[in-house]
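> Mind folding the following:
(3 chains)
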Amino acid sequence: MDRPKGEFMTSEVRTMFMLMRRNVVSMIGFIIVIAFLIMGIISPYILTKPEDAWGTTYDVSKRYLPPSLEHPFGTDEYGRDMFNRVILGARFSLIIAIGVVGLALVIGVPLGLIAGYSGGRTGTALMRITDMFLAFPPLLLAIALAATLGRGLENAILALAISWWPWYARLIYVQVNTVKSMPYVDAARVLGLGSFTIMFRHILPNALTPVVIQASLDMGSAVLEAAGLSFLGIGVQPPTPEWGLLVSQGWQSINVAWWISFFPGLAILVTVLGFNLLADFAREFMDPRLRITMMTKEVV
Amino acid sequence: MEEALLQIKDLSIVYETPLGTIHATTGVTFDVKRGESVGLVGESGSGKSTVGLAIAMALPPNARILNGRVLYEGTDLLRLKEEERKRYSGREISIVFQDPAATLNPLFTIGEQMTDVLMSNLGLTKEEALNRARDFLKKAGLPDSERILRSFPHELSGGMLQRVNIAIATSTEPKILVADEPTTMLDVMLQAQILELFDKLKRELKLTLIFITHNLGVASEICDRIIVMYAGTVVEDGPADEVISRPMHPYTASLLDCVPRTHIKAKRLRSIPGSLPDLSKPLVGCPFADRCGEAKDVCRQTKPDLVEIAPGHRVSCFKYKR
Amino acid sequence: MPLLDVEELVKYFPIKYGLFGKIAGYVRAVDGVSFSIEEESVFSLVGESGSGKSTVARCVLRLLDPTSGRIAFEGKDITSLRGRNLKWYRRNVQAVFQNPFLSLNPRMRVESIVAEPLRVHMGMRSDEAREEVHKLLERVGLSREIGDRHPHELSGGQAQRIAIARAIAPQPKLLVLDEPTSALDVSVQAQILNLLADLKKELKLSYLLISHDLSVVKYISDYVAVIYLGRIVEYAPAEELFNNPAHPYTKALLSSVPEPDPTMRKLKSRMVLPGEPPSPVNPPTGCRLSPRCPYAQDQCKAREPELISIGNGHLVRCWFVK
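Numbers count the residues shown, from 1 in each chain, chains lettered A, B, ... in the order given. Have a look, this model is predicted:
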């Protein structure tokens, strides 16, 4: 008897966690991501030197101090403690990650949903527009938009979201097309439900899961791209301790004080790595054939 | 008396899933004589497919043999090494599956796939393999063999694909052919055609046939013997005609009552109340006890042995004294 | 006045290709089908895959717009009604589909699933609806606690009962049953058929049953029509059809059903048609069965016969019946 291939939050999620525990590499990814999320939320409240972190003071006497017990990540050209700055940077990276992905979903999902449900000419037309956006290399588009919109955190988020929404629109469009032909949608029509109800109660919840999973994992890429924008000077502006910006600021003094760029760079690397490991796991998990291999593998 | 070609002894197989262990079969024991056609009949969860896959050495990677042996001409198939397995699998023992399209690669023609199989399994040259492929396609009821060889799977109908699968499976002239619900996905007339084909091939190629189905009617049309399975155990094993007309096990009898028949206008179908026991736990007592109208206390505590009550007819039920 | 009257229903699906969607041809799924269903009566449409029976069901359910023809319910023409105008029709005509795990929204709890039609058609609020849902669950043989579960947590039989509960919730007059038991185990099938038979009497329902399983059809139907390549080839009261099949296709269909009982098997005359049904894109000229029919003569290939009455309410589309 056929069981639908959709996601059932209870048993599928349990299976997912169980498999994750057996796979060391994805466990690492999971821990990194959780650490990032926690850091992002609590960092403003656990700073030991908040003025340094927020960049409101400077102390020339403490410039370019190498890593030590008092300053685990050293100090920058303004004498600010890098450890605090990197910790607070997590908060901004999290804001950007959630902001970009969230906004992209808000734009992309309804569009993809309507395109998928309407089908026919409307659907194809909407998807052609989406395809046009997809034709641009995403980072390039974001850079162009950010440069046009001007500097600042909000504009960076907006620019990235605008370059991103087409992926989610397309993803949802494909899902909706599959779900549309499911017998429970037929059943909903036979019951006499209106289009709106069918779209939002029957189609959307069943189409959303892969998109949500994809979006969660994309947060890592959002962090990376935002860092890229700040590194180039567009997007977030000093004294905000966003990681990409910190790397950029330490760049000039790289020969004298390697630690100023190093630690923020490491933070980006570890965060993105964590998300990517989790994404690899999720992809293997989705594929039923690979999943059987996962179930029989001994603990790596 | 000639020794059986295939002997299944006390076979217990589990599937490991992240949510627990599923006991697919428990203590399955039966013999198959050379040239016999045996029907493994049961509903979902009966373990019939698992037994068939074990015989064909086609169990999925998460299957674990807890106990038991599958003896083919004396050799335990379950404990062969990879290279030794290749001697039997696909050559002396073949399998046909339920979904006609599932085992065929959509990117290659039928000819390419058949010659691949024949060249690797029998060491033939390409020319020899093609000739043999043509031969067996014709035997499988596809006289237009040239066209079939040049076609891709998606160009052929379900019925034709299943004939192709049967051709591939029989082209190595196996001693044992396992058929796992080969007609379940086909319409009733096509099913009748394919059953006729199995019958013909069985006699022509002197096959020993293990036919897995949930349909007692199909089993009785084509099998000499019927083995009824429930919740991973064998509950009845006897000559097909006898099992149908004088079923001994309460499950077999209930199963026969459930089926509406075209020549009988029943007032009400008898159905079996309840459902399968939980297969994630080892079985305690007779697995059918909860749903059996005649269950006694002993049935819930001890599992009845499979005992020969009439010649060639075994039942696993406390109703019968040895 | 019949409850449902279908007149010359035609449904063609265009085959498009190329950038601008040029039309290459049509799949003539339903090519002129007429029948009517009275109150408290079970009408079955029997055929193999590709016969068009499911398309007929979908047209009756207005999931598809007919290409031409007329569908009337209680005398009112509903063929071209859409959207809100259909609401009255939808309340009176509901459906149960083949696979309950696909026809029930996996993300909804059972209670919400069954309550949905109550809200839409009877304007019930949550507390009223909850009471009614419990009554409906009990009526289909399930406990009220099942309301909190999700469909995938249930067995096939339970899930199909939910689908039935949902279908009878708005108190319809006609249920379209599209292969309601094909995806279920045999023992469960019997339970569901018994339930459907009971509900028909209790709620004074009519059924349009679509099935390929002749034994199921025989068990529950009052009238049966056999459909082949989009046309009805035989129609009769159930008993009459099974006792005196007149059309060669019906005879072949009946003889293809696997028969478990060995004595009955010997009595049955086996008539298996060669080949498979041709594609509905290009139906044969003349009688559609002529390429495969053992009795085919020249006149069969030249002109398609009409449906003529041979007495006892029995209609046949064949040149050789009086």
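> now the residue of the stretch 1-150 of chain C found nearest chain A, what's its secondary structure?
Ranked by Cβ to the nearest Cβ, the top residue of the stretch 1-150 of chain C for proximity to chain A is residue C:90, at 3.5 Å. C-beta here means a position set from N, CA and C on the backbone, and glycine is covered the same way. Here residue C:90 is recorded as helix under DSSP: H, G, I helix; E, B strand; the rest coil.
> quick one: residue C:275 and residue C:294 touch, right?
No: Residue C:275 lies out of contact with residue C:294 (Cβ atoms under 8 Å); the separation is 11.8 Å.
> nearest residue to the residue of the stretch 101-250 of chain B found nearest chain C other than its sequence neighbours?
Closest approach of the stretch 101-250 of chain B to chain C (Cβ to the nearest Cβ) occurs at residue B:217, with a separation of 3.3 Å. Leaving aside its sequence neighbours, residue B:217 sits nearest to residue C:258 (Cβ to Cβ, 6 or more residues apart in numbering or on different chains; 3.3 Å).
> How about the contacts made by the one you found?
When contacts are counted by Cβ atoms under 8 Å, 6 or more residues apart in numbering or on different chains, residue C:258 touches B:191, B:192, B:195, B:215, B:217, B:218, B:220, B:221.
> can you redo the residues you listed as JSON lines with pLDDT, secondary structure and neighbour count?
Converted to JSON lines, the contacts of residue C:258 look like this (pLDDT from 0 to 100; DSSP: H, G, I helix; E, B strand; the rest coil; neighbours: other Cβ atoms under 10 Å in any protein chain shown):
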{"residue": "B:191", "pLDDT": "91", "secondary structure": "helix", "neighbour count": "23"}
{"residue": "B:192", "pLDDT": "90", "secondary structure": "helix", "neighbour count": "24"}
{"residue": "B:195", "pLDDT": "93", "secondary structure": "helix", "neighbour count": "21"}
{"residue": "B:215", "pLDDT": "89", "secondary structure": "coil", "neighbour count": "18"}
{"residue": "B:217", "pLDDT": "89", "secondary structure": "helix", "neighbour count": "18"}
{"residue": "B:218", "pLDDT": "91", "secondary structure": "helix", "neighbour count": "24"}
{"residue": "B:220", "pLDDT": "90", "secondary structure": "helix", "neighbour count": "22"}
{"residue": "B:221", "pLDDT": "90", "secondary structure": "helix", "neighbour count": "23"}
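> which non-adjacent residue is nearest residue B:276?
residue B:45 (4.7 Å).
> Revised request: answer the last question for residue C:209.
residue C:44 (4.2 Å).
> What of residue B:71?
Ranked by Cβ to Cβ, 6+ apart and with sequence neighbours excluded, the top spatial neighbour of residue B:71 is residue B:7, at 4.2 Å.
> Walk me through which strands the helix or strand harbouring that neighbour pairs with, and which way each runs.
Using DSSP states H and E, residue B:7 sits in strand B:6-17. With DSSP bridges as the test, strand B:6-17 is paired with strand B:20-32 (antiparallel), strand B:63-72 (antiparallel).
> Name the strands paired with whichever helix or strand comes after the last one and say parallel or antiparallel.
The C-terminal neighbour of strand B:63-72 among helices and strands, as given by DSSP H and E, is strand B:75-76. Strand B:75-76 has the following sheet partners, assigned by DSSP bridges: strand B:63-72 (antiparallel).
> So what does residue C:174 have for phi and psi?
Per-residue torsions, residue C:174: phi -130, psi 130 (degrees, to the nearest 10).
> since we're on it, how many residues are nearby?
Counted with other Cβ atoms under 10 Å in any protein chain shown, residues neighbouring residue C:174 total 22.
> do residue C:148 as well
Neighbour tally, residue C:148, other Cβ under 10 Å: 10.
> so what's it up against?
Counting by Cβ under 8 Å, 6+ apart, residue C:148 makes contact with C:109, C:110, C:111.
> got JSON lines for those, with neighbour count, secondary structure and pLDDT too?
Formatted as JSON lines, the contacts of residue C:148 follow (neighbours: other Cβ atoms under 10 Å in any protein chain shown; DSSP: H, G, I helix; E, B strand; the rest coil; pLDDT from 0 to 100):
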{"residue": "C:109", "neighbour count": "15", "secondary structure": "coil", "pLDDT": "92"}
{"residue": "C:110", "neighbour count": "27", "secondary structure": "helix", "pLDDT": "94"}
{"residue": "C:111", "neighbour count": "20", "secondary structure": "helix", "pLDDT": "94"}
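> With adjacent residues omitted, what lies nearest to whichever residue of chain A sits closest to chain C?
The minimum distance from chain A to chain C, using Cβ to the nearest Cβ, falls at residue A:192 (3.5 Å). Leaving out its chain neighbours, the residue that sits closest to residue A:192 by Cβ to Cβ, 6+ apart is residue C:90, at 3.5 Å.
> so that neighbour sits right up against residue A:191, yeah?
Yes: counting by Cβ under 8 Å, residue C:90 does reach residue A:191; the two are 6.7 Å apart.
> which residues are in contact with both of these two?
Contacts common to residue C:90 and residue A:191, judged by Cβ under 8 Å, 6+ apart, are residue C:170.
> for stretch A:151-164, which positions count as buried?
Across stretch A:151-164, burial judged by 16 or more other Cβ atoms under 10 Å in any protein chain shown covers A:151, A:153, A:155, A:156, A:157, A:158, A:159, A:160, A:161, A:162, A:163, A:164.
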